[in-house]
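**Student:** structure for this input, please:
(chains A and B)
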Amino acid sequence: MTKQPPLPGGPDPAYAVEMTGISKSFGAVRANSEVDFRVRAGRIHGLVGENGAGKSTLMSILYGFYSADAGQIRLHGEPVNIRRAQDAIDHGVGMVHQHFMLVGNLTALDNVMLGAEGHALLSRAAAQARQRLDALMQSTGLQVPLDRVVDDLNVGDCQRLEILKTLFRGARVLILDEPTAVLTPQETVQLFEVLRRLRDQGTTILIITHKLKEVMALCDDVTVMRGGRVVLDTAVAATSVEGLAQAMVGRSVQMGRHGDAAPAAPGEPLLSAKGLSVTDAWGVQRLRGVSLTLRSGEIVGVAGVSGNGQSELLDVLSGLARPAAGTLELGGQQYQAPRWLDPTTARTLGLAHVPEDRYARAMVMPFAAWESAVLGYEALPDYSRAGWMRHNAMRTATAEMMERFDVRPRQVDLRCGQFSGGNQQKLVLARELGQNPRVLLIGQPTRGVDIGAIEFIHDQVRALRDAGCAVLLVSSELDEILALSDRVIVMNQGVITGELAIGECDVTRIGMLMAGSAQGAPA
Amino acid sequence: MKAAKPLPRWADLVLLPLLNLALALGVAGLVVMGIGQDPVQVIGVLVKGAFGSERGLSYTLYYATTFVFTGLAVAVAFHGGLFNIGGEGQAILGGLGAGLAALWLSPHLGPWLMLPIMVLSAAAAGMAWSFIPAYLQAYRGSHVVITTIMFNFLAASLLVYLLVNWLKVPGSMAVESAEFAESAKLPRMHELLQHLGVEWASSPLNASVFLAVAAAVGVYLFLWHSRAGYRMRTVGASEGAAAYAGIRPQRQVLLSMALSGGLAGLVGMNEVAGVSGRLMLDFVAGAGFTGIAVALMGRNHPVGVVLSSLLFGALFQGGAEVAFEVPGFTRDMVVALQGFIVLFSGAMSYVMAPWLSRALAALPAVRTKEVAHG
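**Tutor:** Numbers count the residues shown, from 1 in each chain, chains lettered A, B, ... in the order given. Next up is the predicted model:
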């Protein structure tokens, strides 16, 4: 663990960002404690750490969302006082948020101008902006169709637009929060090329991420945070994925596939669906004739850029949504749309579902842990009799779940919303896996979950498969799909574009399929 | 952008309401001083008027009984994720239900059959009145806040129409129905106590106060101990989680509104069966709306609803005493005082929360008790 030498007293323009002695507490929680963080000008700097490590807080302080309790910020050697986001923008700091801040029904050009019109006459302002943007797009390679309405742009375009927006406002330091979360591998490569070009033109780039491979591929320097402190600060060339992971977690971590894991032994089909089609409330087709079979003892991974029908697939298979067409066989029952199973029936047929959206679905956040721990199973005689809930039995069961899945803190009375993301997810998994399901649908099992807990969750899913469960895994993390799955199906725009045995998978091939190209499909 | 930490439970449930009450009284005191009166004297008369005599206490409890029903009605709907503004109309219908049953059956039935029938028909009429907005909300997406407000006006008009055109005693100038037979009148508290050999001042306080206590206990058991209540609260707290758990939100909307309307309908027992013994105009007198403030101040918990009902009952009774006893302090000033309490405890109940949260965070003793979580 290298610790930085104390900062020199005078201004040092070699650093674009210098944050010294930054501390910030929220009540009893010290989100940042005496953090020293420096970014050299004209470099790409990665900031990594688990959830709750303090990296978002640090960046929020830099961008003026929070003010630090103590500490000092310098930009390009000058001490600055950043009280709100506008101060940061005025000092040439631009931020691209994970969730885009764009107005969907305005054009790309209007979005860039919004708040920076520059002239009272809009037509004049638009002409000036267009001129400047054309030049910017030329020099940076960030190409966006300026006259297209944002709703019609794809994700990659939106992200380029966000970056253009910050550069248009004179950003010399660009902060990107989890920029690749929504991109295909190919789009990621394109983004990296653009970022390198920006760096070469003198922009300093700061990337918040948890994808260590991307840090290794893109960044020049990296800072690792843990528990509100900087634990590692080094040139990327001097470290490795394992080194970074170890610094993040504080112990050594097994990354990726278990080499010694027993191969899958797929058995009888437990769930089979044919021709599933779903049309949403706006008339958009979300699933188009999707068919798949899940067999006992296998994990089937669904890869794809978010929003290409994976969520709808989970909803339909779990009975949360009714498809427009299709058939389903599960637990000896047959369903044909529009007659469909409901979630309660699905549970009695041995199907468990860990939903993608933990916050809105998997738990009732204002409830105590012991109340959410029976959600969906409240009618089981274990938990209620003759219409009355059995509080003691529910509490005991919750305490056992917490013990088995190492949920912290072990307080059955704590409100669900007060557990960290990883512990919430463990509680949900404990509930669903505890029913010994025949079929498990699991969406984004490790979203917002710490690296240490990821390993544990993966082990649990594998153990369930080894016990003969059929698992369908939807994840936006390609690495997770590759680490867990025995078979991978790839979706694009509601269609399965390809199916690969795990041995045939490589990132390029899956990336092509994710982008909807058939070239990645096996010959 | 500053994310205020949620208050600890005890502070949210006890400290904050007390603080709001103190603030309301403080501001009301300033106004009292502004019109040249002595706030200490006014408060003294108010408290003494509400609790200082058998008669005063009985009136306080009588008012509180009505507020418990309407307050619980709002609280139950709230736990189902709905804001029922229609307590007023549902209470009117409850009175109509009880009253019509009494007018029809009381000459023929004894009290042991008549009174339970009146309870059921009061609740059923309130339920029926809330069921229409509930159905429209659940299956047609018409917002329940809008429709229940509309239904208050409809209920008031319906009451006037029935009284004037059908129920009024022929030849009488008063817009009220014929008096019920004795079997349809709930016994007054002083009568009940007399049976036990206790002398108690005469007041409108009647046996429906027991019904109110039973309703509060029933609501508590339903919400926190029954499976149906669990499901209803799930829908109220997170529709997504409810759908995931296989709970159909539409049915829960119907259920929570029906329960809510039924509770509001029980107001009819207190006012019609307990006091007037006949149907008359305006017997709800805004209690449906006061119920909203009662529920907000009581944090939608039956215990809180009972406590805040007592407070509002005391304000009504004590306020009447003040208007009577303090020269120059009019009935309107009492309404203003009640308005302050509704404002600070209801509409602005969380205005103080961020400051309170920060003040608590500054106390090191409290801080160590908190659970640290990342």
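**Student:** does A:G289 belong to a helix, a strand or coil?
**Tutor:** At A:G289 the chain is in strand, as set by DSSP: H, G, I helix; E, B strand; the rest coil.
**Student:** ok, now the one 10 residues further on?
**Tutor:** The three-state label for A:I299, taken from three-state DSSP, comes out as strand.
**Student:** and the one 3 residues further on, by the same measure?
**Tutor:** Going by three-state DSSP, the secondary structure assigned to A:V302 is strand.
**Student:** can you get me a residue count around the closest residue to it other than its chain neighbours?
**Tutor:** Spatial nearest neighbour of A:V302, excluding adjacent residues (Cβ to Cβ, 6 or more residues apart in numbering or on different chains): A:V474 at 4.6 Å. In this view, the C-beta of every residue, glycine as well, is placed from N, C-alpha and C. By other Cβ atoms under 10 Å in any protein chain shown, the residues close to A:V474 number 24.
**Student:** bridged to A:V474, which residues?
**Tutor:** A:V302, A:G443 (DSSP bridges).
**Student:** over to A:V230?
**Tutor:** A:M225.
**Student:** my guess is it meets A:F37, correct?
**Tutor:** Yes. In terms of Cβ atoms under 8 Å, A:V230 counts as a neighbour of A:F37; the distance is 6.4 Å.
**Student:** which neighbours do those two have in common?
**Tutor:** Between them, A:V230 and A:F37 share these contacting residues under Cβ atoms under 8 Å, 6 or more residues apart in numbering or on different chains: A:T223.
**Student:** which of those two has more neighbours?
**Tutor:** Between A:V230 and A:F37, counted using other Cβ under 10 Å, A:V230 has the larger neighbour count: 29 against 25.
**Student:** distance check, the more buried one against chain B.
**Tutor:** Using Cβ to the nearest Cβ, to the nearest Å, A:V230 is found at 16 Å from chain B.
**Student:** where does chain A dip in pLDDT?
**Tutor:** A:1-12, A:27-28, A:251-264, A:517-523 (pLDDT under 70).
**Student:** A:Y359: neighbouring residues, count only.
**Tutor:** A count of nearby residues for A:Y359, using other Cβ under 10 Å, gives 16.
**Student:** so the residue nearest to A:V302 sits right up against A:V300, yeah?
**Tutor:** No. A:V474 is beyond contact range of A:V300, at 9.7 Å (criterion: Cβ under 8 Å).
**Student:** biggest helix in chain A, by residue count?
**Tutor:** helix A:122-140 (DSSP state H).
**Student:** buried stuff in the very next helix or strand once past it?
**Tutor:** Note on helix A:122-140: by DSSP states H and E, the next helix or strand toward the C-terminus is helix A:155-168. Residues of helix A:155-168 classed as buried: A:155-168 (neighbour count, 16 or more other Cβ atoms under 10 Å in any protein chain shown).
**Student:** could I get those as TSV with distance to A:K426?
**Tutor:** Putting the buried residues of helix A:155-168 into TSV (distance: Cβ to Cβ, whole Å) gives the following:
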residue	distance to A:K426
A:V155	30
A:G156	34
A:D157	37
A:C158	33
A:Q159	32
A:R160	37
A:L161	38
A:E162	34
A:I163	36
A:L164	41
A:K165	39
A:T166	37
A:L167	42
A:F168	44
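**Student:** A:M216: neighbouring residues, count only.
**Tutor:** There are 16 residues near A:M216, going by other Cβ under 10 Å.
**Student:** do you know how far it is from chain B?
**Tutor:** 26 Å.
**Student:** and for A:L472?
**Tutor:** Taking Cβ to the nearest Cβ, one finds A:L472 at 16 Å from chain B.
**Student:** nearest to chain B: which residue in the stretch 151-300 of chain A?
**Tutor:** For the stretch 151-300 of chain A, the residue closest to chain B is A:G227, as judged by Cβ to the nearest Cβ, at 8.0 Å.
**Student:** that residue touches A:A53, doesn't it?
**Tutor:** Yes. Contact criterion Cβ under 8 Å: A:G227 and A:A53 qualify, at 6.6 Å.
**Student:** more crowded one of these two?
**Tutor:** Comparing A:G227 with A:A53 by other Cβ under 10 Å, the one with more neighbours is A:A53, at 25 against 15.
**Student:** gap between the more buried one and A:F419?
**Tutor:** 17 Å (Cβ to Cβ, to the nearest Å).
**Student:** same question, B:G36
**Tutor:** Distance from B:G36 to A:F419, by Cβ to Cβ: 57 Å.
**Student:** ok, those two, which is more surrounded?
**Tutor:** For B:G36 versus A:F419, the count of surrounding residues by other Cβ under 10 Å is larger for A:F419: 24 against 7.
**Student:** list the residues that contact that one.
**Tutor:** Contacts of A:F419 by Cβ under 8 Å, 6+ apart are A:A369, A:V407, A:P409, A:L427, B:H373.
**Student:** can you pull the contacts of the closest residue to the fourth one other than its chain neighbours?
**Tutor:** Closest residue to A:L427 in three dimensions, ignoring its sequence neighbours and counting by Cβ to Cβ, 6+ apart: A:V407, at 5.2 Å. Residues in contact with A:V407 (Cβ under 8 Å, 6+ apart) are A:A369, A:M401, A:F419, A:N423, A:K426, A:L427, A:A430.
**Student:** helix or strand for A:V407, which one?
**Tutor:** Counting by DSSP H and E, A:V407 is part of no helix or strand.
**Student:** and for chain A, the residue most distant from the center?
**Tutor:** Relative to the centre of chain A, the most outlying C-alpha is that of A:A386, 42.3 Å out, by Cα atoms, centre = their mean.
**Student:** now that residue: phi and psi?
**Tutor:** A:A386 adopts backbone torsions of phi 50, psi 30, taken as degrees, to the nearest 10.
**Student:** what separates it from chain B, distance-wise?
**Tutor:** For A:A386, the distance to chain B - Cβ to the nearest Cβ - is 9 Å.
**Student:** alright, that wraps it up for me.
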